[in-house]
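Asker: Quick one, what's the 3D model for this:
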Amino acid sequence: MSQTTTFDTHAYVKKLKAVGFSEEQAETLATTQAELIDERLATKHDIEGLKHDIKELEITLKRDMKELETSLKRDIKESELRLTVKLGAMLTAGIIIVAVLVKLL
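Answerer: Residues are numbered from 1 along each chain as shown. Sure thing, here's the model as predicted:
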């Protein structure tokens with residue numbers, strides 16, 4: 001469904017001529033204005049399409065952020081487990097070293 005903006009070039013030309021523009025000047029200006037409006041002016045339809053696209057992007061971003069949060073929580077738990085195991089191993093090694101030194105001294 002294509003929406004277009006109407007710009008009455010004939011009425012615009014008449015207004016320009018009424019304030020002193022020549023026919024050629026008025027027609028050139030009216031044509032240029034109509035082209036700019038057609039190329040650059042956003043319609044309500046355009047804006048609604050953008051709103052829809054933004055809403056879809058928001059939904060996608062929320063889903064991606066939730067997945068990232070879940071992944072980060074999992075990675076943190078795995079890191080905590082590895083650190084706990086390493087700390088336990090270091091503590092055990094330290095106790096063994098102290099015990100050996102106590103026996104030797």
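Asker: rest of the way, CA atoms for contacts and neighbours
Answerer: OK.
Asker: what's the spacing between the helix or strand bottoming out on mean pLDDT in the chain and its chain's center?
Answerer: When the helices and strands of the chain are scored by mean pLDDT, DSSP states H and E, helix 23-40 comes last with a mean of 90. Centroid displacement of helix 23-40 relative to its chain, using C-alpha atoms, centre = their mean, to the nearest Å, is 35 Å.
Asker: Can you point out the buried residues in it?
Answerer: A26, E27, L29, A30, T31, A34 (16 or more other C-alpha atoms under 10 Å).
Asker: Now do the contacts for the last one.
Answerer: Under the criterion of C-alpha atoms under 8 Å, 6 or more residues apart in numbering, the contact list for A34 reads F7, T9.
Asker: Look up how far I97 lies from it.
Answerer: 88 Å (C-alpha to C-alpha, to the nearest Å).
Asker: do the same with the fourth one
Answerer: When distances are taken as C-alpha to C-alpha, A30 and I97 turn out to be 93 Å apart.
Asker: before we move on, what about the fifth one?
Answerer: Using C-alpha to C-alpha, one gets 92 Å for the distance from T31 to I97.
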